[in-house]
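Asks: below are the sequence and a predicted model; questions follow.
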Amino acid sequence: MKEAQFISQVIREKAAQITGINQALWEYGEPGYQEEKSAETIKRVLESEGFTVESGLAGIPTAFRGRYGAGKPVIGILAEFDALPDLSQEAGIARRCPIPGKSFGHGCGHSALGAGGVGAALAAKEYLKAHSLPGTIELYGCPAEESGFGKVFLVREHCFDHLDMAFSWHPGDQNGSMSQRTLAYYQVRFDFLGVSSHAGAAPELGRSALDACELMNVGVNYLREHVISSAKIHYAYLDSGGSAPNIVPDHGSLLYYIRAPKLTQCGEILERIKKIAKGAALMTETDVAIHLLGGMNDTIPNPTASRVLSDAFLEMGPPEFGEPEYQIGREFLAAMPKEQQKRVISLGAKRNGISQEAFAKAPFDTRIRPYTPDMRDGMLTFSTDVGDVSYHVPVGQLMAAVGIPETGLHTWQLTAQVGSSVGNQGALAAAKAMGLACVRVYESPKLVEQAKKELLEETKGSYLCPIPPHVQPDLGA
């Protein structure tokens with residue numbers, strides 16, 4: 001209990017710093033690998049708190065590590081801070097209201113994610129300092145989670161190899177242990193090159209790259225019936241060959257995401273898709289260049305790390321929402337379609353063990369779903385580069401509410417709520433839980449031995465890097 005009280009006191013004292021980070025990062029709303037202001041904001045706080053900061057990890061300007069302490073256990077906190085395109089939105093406003101002149105917004109809550117991570121690192125640092133314990137806390141600034149595989153490049157450069165355990169969190173619409181697995185995926189670009197000609201005067205001389213793209217998509221659509229049911233294949237046109245119908249397009253490009261429970265399965269599906277692309281090129285007498293851009297591994301939830309973090313979250317409690325946050329929540333609830341409102345109120349009341357009337361007045365999740373071993377059998381259908389870290393280090397994660405139920409990730413609604421005091425409270429709650437989890441490991445180093453044993457049993461020491469050796473971060477993305 002004394003440990004929990006200590007961490008709570010630290011977070012109270014540093015609350016303005018932590019929430020200030022959320023607000024600053026939210027205002028910047030920077031895309032992956034271009035988070036210069038966001039990274040500098042966090043680094044300044046760490047340096048002012050006595051951390052040694054190392055910038056430019058893996059040759060990435062916005063990747064950094066802040067370190068405090070000495071000796072083992074060495075615990076890492078994973079912080080993200082990249083935003084998403086087309087999700088600019090005024091904070092706390094329950095109608096679509098983009099900020100003039102801005103495109104990117106924190107529709108996945110990474111501003112709060114980064115702020116909560118910093119708060120946890122500061123709390124762990126103060127505990128080490130006050131109790132003269134051996135141990136090291138490291139805060140990792142991890143850029144470009146959304147589309148640039150930032151942590152995978154850090155893994156490839158062995159930045160996490162020395163860690164004994166790592167913690168992270170993700171903003172969402174619930175509170176609890178985030179101990180399900182996630183999907184692995186590959187990201188691949190297919191560039192078709194044909195021959196241009198006048199579509200009316202000499203169509204026989206043209207070889208359409210756009211035709212090749214469309215034939216490839218048709219072939220992949222037929223393939224969907226013949227892959228494992230847990231696989232997902234997504235595509236987008238990067239280049240449709242131009243806007244003039246009377247010109248046979250000599251260029252066209254497709255971007256594919258290939259998801260499956262394991263990276264090896266993604267690779268097997270990719271080989272079949274490559275054959276379809278080559279077949280489309282053969283049918284249209286075009287050429288195709290295939291570029292594997294990168295990918296992510298599945299996430300391995302570590303039982304010991306998950307339990308330690310879950311227990312800490314239960315002890316520290318959920319976000320401390322008050323009337324200002326409830327007012328924001330009620331406005332977002334009222335903005336939902338009537339049928340969705342009814343569903344959310346019914347679900348929220350049941351989930352939190354209160355009446356529907358009570359939940360409608362305070363429409364946030366206040367229950368914490370604890371870690372249970374069977375969670376690890378569940379599958380979240382998105383992908384994250386935390387997965388690649390989890391192959392090398394025992395990782396525990398939690399989710400804390402920064403939005404009312406059914407606030408989806410990658411939406412302007414989440415941008416609006418996480419940029420308000422709602423997001424601030426989520427970040428503070430996550431900071432307390434992760435800070436206390438670090439303390440538990442420092443006080444009981446044997447937890448590291450058990451966690452590492454579990455990880456080795458899971459991976460057998462094997463790891464397949466999804467990024468080819470020649471591929472470097474797209475710093476201009």
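Replies: Right, received. Where do you want to start?
Asks: make it CA atoms for all contacts and neighbour counts henceforth
Replies: Fine.
Asks: contact partners for residue 39?
Replies: Contacts for residue 39 (CA atoms under 8 Å, 6 or more residues apart in numbering) come out as 62-64, 81, 141.
Asks: if we use 7 Å, what do you get?
Replies: Residues near residue 39 by CA atoms under 7 Å, 6 or more residues apart in numbering: 62, 141.
Asks: what kind of secondary structure is residue 398 in?
Replies: Assigned with DSSP: H, G, I helix; E, B strand; the rest coil, residue 398 falls in the strand class.
Asks: oh, that last question was meant for residue 179, not what I typed.
Replies: Following three-state DSSP, we place residue 179 in the coil state.
Asks: name the nearest residue to it, sequence neighbours excluded.
Replies: Spatial nearest neighbour of residue 179, chain neighbours left out: residue 301 (5.2 Å); criterion: CA to CA, 6 or more residues apart in numbering.
Asks: was I right to think the one you found contacts residue 180?
Replies: Yes: Residue 301 is within contact range of residue 180, at 6.5 Å (criterion: CA atoms under 7 Å).
Asks: between these two, which contacts overlap?
Replies: What both residue 301 and residue 180 touch, as defined by CA under 7 Å, 6+ apart, is the set residue 376.
Asks: so which of these two has more stuff around it?
Replies: residue 301 (26 against 20; other CA atoms under 10 Å).
Asks: so the more buried one versus residue 207, what's the distance?
Replies: 49 Å (CA to CA, to the nearest Å).
Asks: residue ranges with poor pLDDT in the stretch 1-150 of the chain?
Replies: Low-confidence segments of the stretch 1-150 of the chain (pLDDT under 70): 1.
Asks: again, only this time at 90
Replies: Within the stretch 1-150 of the chain, the stretches with pLDDT under 90 are 1, 147.
Asks: what segments of it are helices?
Replies: Applying DSSP state H, counting those that start in this stretch to the stretch 1-150 of the chain gives helices spanning 2-13, 15-28, 36-48, 110-131, 150-156.
Asks: isn't residue 355 up against residue 349?
Replies: Yes: assessed by CA under 7 Å, residue 355 is found in contact with residue 349 at 5.5 Å.
Asks: compare those two (neighbour count), which wins?
Replies: Neighbours per residue (other CA under 10 Å) separate residue 355 from residue 349, with residue 349 holding more: 21 against 13.
Asks: return the distance of the more buried one relative to residue 196.
Replies: Distance, residue 349 to residue 196, using CA to CA: 62 Å.
Asks: most remote residue from the middle of the chain, which is it?
Replies: Within the chain, the residue lying farthest from the chain centre (CA atoms, centre = their mean) is residue 201, at 51.1 Å.
Asks: that's a helix at that residue, yeah?
Replies: No: using three-state DSSP, the secondary structure at residue 201 is coil, not a helix.
Asks: if we can go back for a sec, any chance of the helices of the stretch 1-150 of the chain in JSON lines with distance to residue 338 as columns?
Replies: Listed next are those as JSON lines, based on distance: least, CA to CA, whole Å:
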{"stretch": "helix 2-13", "distance to residue 338": "39"}
{"stretch": "helix 15-28", "distance to residue 338": "30"}
{"stretch": "helix 36-48", "distance to residue 338": "38"}
{"stretch": "helix 110-131", "distance to residue 338": "30"}
{"stretch": "helix 150-156", "distance to residue 338": "40"}
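Asks: among the ones you listed, which is nearest residue 345?
Replies: With CA to CA as the criterion, residue 345 lies closest to helix 110-131 of the helices of the stretch 1-150 of the chain, at 25.3 Å.
Asks: confidence score at the residue nearest to residue 179?
Replies: Looking at residue 301, its pLDDT reads 96.
Asks: dump the residue contacts of it.
Replies: Contacts here follow CA under 7 Å, 6+ apart; on that basis residue 301 touches 179-181, 376, 395-396.
Asks: ditto for residue 280
Replies: Residue 280 is in contact with 212, 215-216, counting by CA under 7 Å, 6+ apart.
Asks: in a markdown table: these, plus pLDDT and distance to residue 102.
Replies: Output for the contacts of residue 280, formatted as a markdown table (pLDDT from 0 to 100; distance: CA to CA, whole Å):
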| residue | pLDDT | distance to residue 102 |
| --- | --- | --- |
| 212 | 98 | 36 |
| 215 | 98 | 37 |
| 216 | 98 | 35 |
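Asks: top of those by number of neighbours, please.
Replies: Among those, the one with the most neighbours (other CA under 10 Å) is residue 212, at 30 neighbours.
Asks: can you get me a residue count around residue 222?
Replies: Other residues within reach of residue 222 by the criterion other CA under 10 Å amount to 9.
Asks: sec struct for it, please.
Replies: In three-state terms, and counting by three-state DSSP, residue 222 is helix.
Asks: tell me how far it lies from residue 187.
Replies: Distance of residue 222 to residue 187, computed by CA to CA: 20 Å.
Asks: closest to residue 150 among the contacts of residue 280?
Replies: Relative to residue 150, the closest of the contacts of residue 280 is residue 216; by CA to CA it sits at 29.6 Å.
Asks: from the contact counts, what lies against the helix or strand harbouring the closest one?
Replies: Following DSSP states H and E, one finds residue 216 within helix 209-223. If contacts are counted by 3 or more CA pairs under 7 Å, 6 or more residues apart in numbering; DSSP states H and E, helix 209-223 sits against strand 251-260, helix 263-284.
Asks: what's next to it, contact-wise?
Replies: 192-194, 240-241, 249-252, 254, 273, 276-277, 280-281, 284, 286.
Asks: what about it, distance to the chain center?
Replies: Its chain's C-alpha centre and that of helix 209-223 lie 30 Å apart, by CA atoms, centre = their mean, to the nearest Å.
Asks: contact partners of the helix or strand just after that helix?
Replies: As assigned by DSSP H and E, the chain's next helix or strand after helix 209-223 is strand 232-239. For strand 232-239, contacts defined as CA under 7 Å, 6+ apart pick out 252-260.
Asks: is it possible to export those residues to CSV including pLDDT?
Replies: Below are the contacts of strand 232-239 laid out as CSV (pLDDT from 0 to 100):
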residue, pLDDT
252, 98
253, 98
254, 98
255, 98
256, 98
257, 97
258, 98
259, 97
260, 98
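Asks: got a list of what the nearest residue in space to residue 186 that is not next to it in sequence touches?
Replies: Distances taken as CA to CA, 6+ apart put residue 295 closest to residue 186, at 4.2 Å, once the chain neighbours are dropped. By CA under 7 Å, 6+ apart, the contact list for residue 295 reads 149, 185-187, 466-467.
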